[in-house]
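In: What follows is a predicted structure for the sequence shown.
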Amino acid sequence: MKDYVELLKKYNQEHILKYISKLDDDKKKNLIHQIEKLDFEQLNELYKISNRDKNKAIKGVIIEHIPFVDKYKLENERKETLTNIGENIIKSNKYAVVTMAGGQGTRLGHNGPKGTYKLDVKPNAKYLFEILAENLLRENKKYNVVIPWYIMTSTENNEKTVSFFEEHNYFGYPKDSIRFFRQGNLPLLSEEGKLLIDENYNIKIASDGNGSIYKSMKNEGILSDMKKRGVEWVFIGAVDNAILNMCDPILIGLTIDENNEVASKSVVKVNPHEKVGVFCKKDSKPAVIEYTELPDQLAEETDEEGELLYGESHIMCNLYSLNALEKIANQNLPYHSAHKKVNYIDEKGNLVESNEPNAYKYEAFIFDGFNYFNNMTILRGIREEDFAPIKNKEGVDSPYTAIKLYNEFWKLN
Ligand code: UTP
C-alpha cells in the first residue's frame, strides 16, 4: 500500500482518499505531498485539547500577583539613569524590532494583511505598516542608526505583504534593513478530528499563533542574522497598535537594571472584568492569565491602595535579550485551541459555509514564552501613549477608537 494511504488509514483520515480519487494529476500530487509532510501524532495530541474546559487549565496552579514598575511614578533621576542605559543600547546598534503580522485579522474583516489596512488619521490616512515605518524612521533619525526591522508574515499573507512593501517603496525604510520571515501553520480539524480541504484542494491550514514566532525566528535564520549584526535586545510588537512605542529606552534600561532577560509594557485594565489577559505568576513563574481563566474573585482583588492585583494587561509590547529568544526557541510552547467558523469543500466538491463555529484552530501564544524565566520586568505605561489597538470592525478597539487615540497622541485634533 502507498505510504499516504497507510498514513490516512492509520490515523482515521481515510475520507481524504475520496478527494484524492477525483483530482487531476497535479492536484493529486500536491495533496499527497502535503499529507506525507503532516505530523499525524502531533495532530492526535492537538485534537485532545480541543474543547478543553479552560478552567481546567489552571486547576491546581498557584496564581499570584507579579510586581511591576509604574513609568509615571519613577523619580526624575531614576528615569534619567534608565533612559541613558536604554539609549546607549539603541545608539550602539544593539537593538532590533520585530513586527508580528501573521495574524488573520478575522474580527476586523479587512481584505488583505492587517498591516495594509488604511487608518483614516489626520492629516492623511495611513496604512498600519506605514505608521510603523514612520515611527521607526523617526527613531533612526533621533539616534542616528538604522534599526533592523523584521516582519513576521504567514503562509497566507506573505506574498501580499512583501509586494505591498515593494509597491510603496518600503515607506522610505532602508530596504536592506527589512527582512520578512514566515511563521508556521497547522491544519484545522473538524469537530470529529478530521482534516479539512480548501477550495484549491489543499489541506486546510491556518497560522499557528503568534507564539510560533520564537521557533520561526530560529528556523528562518532571523536569530542568527541578529547575532551577525551584533543585536543584543529585541522588541517584538503587534502590527495593529496605532501608537505602538517600539523604542522605549526606559523599558530597555529598566530590564537591564533589574537584571532580567524578558520584559513587557502593560496598561492597567479599564475595569476588573475587561476582556484582556493580565500578568501574574503561575506556580511562581511570570505568566499571562487569560480573562476566561481568571476567577472573578481574583479579578476584583485589590491591594491596600486600591490597585487591582491582577490589573496589568498584556498589550503585545515585549522586549527580550537575544539569549532569551534563543532559549525560548528551543522549547515547545503549549498549543491552545479555538472553536472557529471555517469554510471548506466537502467530499462531493461543494463549498460548506458555516454560521456557527464548526472546527478547531490551534495556536501558540507569545506570552507562554515568559514561563521559562524566573522573573521578568513589567513596566506600566498609559493607554494614551502606548495602546491604540485595532481589533474589531466597530465599537471597542476599532479603527474609530484607534484614530481618536492616534490623533490625540500626535496632537492632530
Ligand atoms: P490577534 O491575536 O489579535 O489576532 O493578534 P489577529 O489576527 O490580529 O485578529 P483576529 O483574532 O483574527 O481577529 C495579535 C498580534 O499577533 C499577530 C497579529 O498579526 C497581531 O499583530 N499574530 C497573531 C501573528 O503574527 N500570528 C498569528 O498566528 C496570530
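Out: Yes, it's here.
In: can you map out the strands along the stretch 301-413 of the chain?
Out: All strands of the stretch 301-413 of the chain, identified by DSSP state E, counting those that start in this stretch, fall at 312-321, 336-340, 344-345, 351-352, 359-363, 377-380.
In: Enumerate the residues of the protein near the ligand.
Out: Residues of the chain that fall close to the ligand, judged by Cβ under 6 Å from any ligand atom: 100-107, 114, 152, 183, 207, 209-210, 238-240, 316, 391. Just so you know, the C-beta spots here come from the backbone N, C-alpha and C atoms, and that holds for glycine as well.
In: sorry, back to before: kindly report which one of the strands of the stretch 301-413 of the chain carries the lowest mean pLDDT.
Out: The minimum mean pLDDT among the strands of the stretch 301-413 of the chain belongs to strand 336-340 (a mean of 92).
In: hang on, the earlier thing: mind putting the strands of the stretch 301-413 of the chain in CSV, distance to residue 403 and mean neighbour count included?
Out: Below are the strands of the stretch 301-413 of the chain laid out as CSV (distance: least, Cβ to Cβ, whole Å; neighbours: other Cβ atoms under 10 Å):
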stretch, distance to residue 403, mean neighbour count
strand 312-321, 18, 24
strand 336-340, 28, 16
strand 344-345, 36, 19
strand 351-352, 36, 11
strand 359-363, 29, 22
strand 377-380, 25, 24
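In: a markdown table please, covering these and showing distance to residue 73.
Out: Formatted as a markdown table, those follow (distance: least, Cβ to Cβ, whole Å):
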| stretch | distance to residue 73 |
| --- | --- |
| strand 312-321 | 14 |
| strand 336-340 | 34 |
| strand 344-345 | 52 |
| strand 351-352 | 55 |
| strand 359-363 | 35 |
| strand 377-380 | 9 |
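In: what about the ones you listed, which gets the closest to residue 137?
Out: Closest to residue 137 of those is strand 312-321 (Cβ to Cβ; 19.3 Å).
In: what helices or strands is that closest one leaning on?
Out: Applying 3 or more Cβ pairs under 8 Å, 6 or more residues apart in numbering; DSSP states H and E, one finds that strand 312-321 makes contact with strand 233-238, helix 249-257, strand 262-268, strand 278-282, strand 377-380.
In: List the residues that contact residue 131.
Out: Residue 131 is in contact with 119, 121, 242, 406, counting by Cβ atoms under 8 Å, 6 or more residues apart in numbering.
In: With adjacent residues omitted, what lies nearest to the second one?
Out: Residue nearest to residue 121 in three dimensions, not counting chain neighbours: residue 406, with 4.8 Å by Cβ to Cβ, 6 or more residues apart in numbering.
In: Taking the stretch 101-250 of the chain, what residue is nearest to the ligand?
Out: Relative to the ligand, the nearest point of the stretch 101-250 of the chain is residue 103 (2.2 Å; Cβ to the nearest ligand atom).
In: Find the centremost residue of the protein, please.
Out: By Cα atoms, centre = their mean, the chain has its centre lying nearest to residue 210, at 3.4 Å.
In: who touches that one in this structure?
Out: Going by Cβ under 8 Å, 6+ apart, residue 210 touches 100, 102-103, 152, 183, 238, 316, 363-366.
In: Quick one: buried ones out of these?
Out: By neighbour count, with 16 or more other Cβ atoms under 10 Å, the contacts of residue 210 hold 100, 102-103, 152, 183, 238, 316, 363-366 as buried.
In: In a markdown table: the contacts of residue 210, plus distance to residue 351.
Out: Putting these into a markdown table (distance: Cβ to Cβ, whole Å) gives the following:
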| residue | distance to residue 351 |
| --- | --- |
| 100 | 31 |
| 102 | 25 |
| 103 | 24 |
| 152 | 30 |
| 183 | 27 |
| 238 | 32 |
| 316 | 34 |
| 363 | 25 |
| 364 | 30 |
| 365 | 31 |
| 366 | 33 |
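In: Among these, give me the pair with the biggest separation.
Out: 238 and 364 (15.4 Å).
In: if we can go back for a sec, thought the residue of the stretch 101-250 of the chain closest to the ligand was touching residue 239?
Out: Yes: using Cβ atoms under 8 Å, residue 103 makes contact with residue 239 at a distance of 7.3 Å.
In: so what's in contact with the two at the same time?
Out: With Cβ under 8 Å, 6+ apart, residue 103 and residue 239 have common neighbours residue 114.
In: In the contacts of residue 131, which residue is surrounded by the most others?
Out: Sorting the contacts of residue 131 by how many neighbours each has (other Cβ atoms under 10 Å) puts residue 242 first, at 25 neighbours.
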